[in-house]
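1. Here is my input, please return the structure:
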Amino acid sequence: MIEAHNLTKRYGDKTAVAGISFTIEPGTVTGFLGPNGAGKSTTMRMIMGLDRPTAGRVTVNGKPYAQHRSPLSEVGALLDAKAAHPGRSARSHLRTMAATHGISPKRVDEVIEMTGLAGVAGKRVGGFSLGMGQRLGIASAMLGDPRTLILDEPVNGLDPEGVKWVRNLVRYLASEGRTVFLSSHLMSEMAQTADLLLVIGKGRIITSGPVQDVIDGVAGTTVRVRSPRAADLADMLQRAGASVSSAEAGVLDLRGITAEQVGETAAANGIVLHELSPQRASLEEAYMTLTQDAVEYRSENSVALEAETR
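-> Sure, this is the predicted structure:
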């Protein structure tokens, strides 16, 4: 479990993290989302004791990271895939970590096999691709068989097979009752992987909760109906309190009403339906809406394109 209380970090007159509080529960995968510069990496570094909070506190499994006797068995982290010495082999890097933390060489072999590094374990890290570096970073995080995993952009540089592997790995670890906290800019992947979301912008928490609740809380659910008597149905549904719009003849987009209610109204009035389907927004659409005022770095081309499409 990770618990933060009024966690704050300032660098001079810049506030990177502004008094945030949250709890990351065991047995779940919690996705950490936010634009570049939102405070994600700073928050993760404070959890790991790499940055000292200006105010507030954060604990992992009941203690600040630095107070754990065997930190690698409590928390495994991937914050920088390039942390390994480029002149060492992957196996040498992991064995050195294991030796300094009282971890058996057998465990080194296990994580090498687990992360798909067996074929390159004897090669120098400096020659690794970005994806292989990510796998080594995950192997390092898993070395102590930790109760809590903190992964910053773990799928960065991985091919589709590698992305699927990370997804399955973190889901499996959560099913074992471990705490998994990870960030990613791949919204489609986060939607498939995370149980819960924590969204941050300009150092403050924008929203949190189950993935679908976050999406529905921003965009809600639209019901699409196609019918030869769409106009008649629209009048009935508007009287029932629904908001009705239509992009083409015979098609209605409805808000404020469920698909079940639409179907029952149509059936009671003998109206034939050719389509009745809930239309849910994607996580990417919800994320863009949530963070539109929290984007610190935006290109002029992006602003112009947005203006043209409004």
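
2. pLDDT below threshold where in this protein?
-> 220, 295-310 (pLDDT under 70).

3. Counting residues, which helix of it comes out longest?
-> helix 160-175 (DSSP state H).

4. Residues contacting the helix or strand just after that helix, please?
-> Note on helix 160-175: by DSSP states H and E, the next helix or strand toward the C-terminus is strand 179-183. Contacts of strand 179-183 with the rest of the structure, by C-beta atoms under 8 Å, 6 or more residues apart in numbering, involve 1-2, 24-34, 40-41, 44, 47, 147-154, 170, 173-174, 193-194. In this view, the C-beta of every residue, glycine as well, is placed from N, C-alpha and C.

5. If any of the residues you listed are buried, put those into a PyMOL selection.
-> Of the contacts of strand 179-183, the buried ones can be selected in PyMOL as follows, counting by 16 or more other C-beta atoms under 10 Å:
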select buried, resi 2+24+28+29+30+31+32+33+34+40+41+44+47+147+148+149+150+151+152+153+154+170+173+174+193+194
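
6. circling back: can you name every helix or strand that the longest helix of the chain contacts?
-> strand 29-33, helix 130-142, strand 148-152, strand 179-183, helix 187-193 (3 or more C-beta pairs under 8 Å, 6 or more residues apart in numbering; DSSP states H and E).

7. Make TSV from these and add distance to residue 250 to it.
-> Below are the helices and strands packed on helix 160-175 laid out as TSV (distance: least, C-beta to C-beta, whole Å):
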stretch	distance to residue 250
strand 29-33	38
helix 130-142	48
strand 148-152	48
strand 179-183	44
helix 187-193	31
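
8. give the contact list for the residue lying closest to residue 146 once chain neighbours are set aside.
-> Among residues not flanking residue 146 along the chain, residue 76 sits closest, at 3.9 Å (C-beta to C-beta, 6 or more residues apart in numbering). Applying C-beta under 8 Å, 6+ apart to residue 76 gives the contacts 140-144, 146, 148-150.

9. List just the nearest of those residues to residue 14.
-> Proximity of the contacts of residue 76 to residue 14, judged by C-beta to C-beta, is greatest for residue 150, which lies at 23.6 Å.

10. Who's the closest spatial neighbour of residue 22, skipping the chain neighbours?
-> residue 4 (5.2 Å).

11. Run through the bridge partners of residue 181.
-> residue 30, residue 150 (DSSP bridges).

12. Could you report the distance from it to residue 68?
-> 16 Å (C-beta to C-beta, to the nearest Å).

13. More neighbours: which of the two?
-> Remark: of residue 181 and residue 68, residue 181 carries more neighbours, 27 against 17, as counted by other C-beta atoms under 10 Å.

14. can you give me the strands in the stretch 201-310 of the chain?
-> 204-210, 221-226, 243-248, 251-255, 275-280 (DSSP state E, counting those that start in this stretch).

15. Dump the C-alpha coordinates for stretch 26-33 into CSV.
-> Extracted in CSV, the C-alpha atoms of stretch 26-33 (Å, rounded to 0.1, in the frame of the first residue of the first chain):
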residue,chain,number,x,y,z
PRO,A,26,-3.0,-3.7,-2.6
GLY,A,27,-4.6,-6.1,-5.1
THR,A,28,-5.2,-3.4,-7.8
VAL,A,29,-3.4,-1.9,-10.7
THR,A,30,-3.6,1.9,-10.3
GLY,A,31,-2.8,4.0,-13.4
PHE,A,32,-1.1,7.4,-12.8
LEU,A,33,-2.0,9.8,-15.6
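
16. Need the contact partners of that stretch.
-> 1, 24, 40, 43-44, 147, 170-171, 174-175, 177-184, 187, 190, 193-200, 211, 287, 291.
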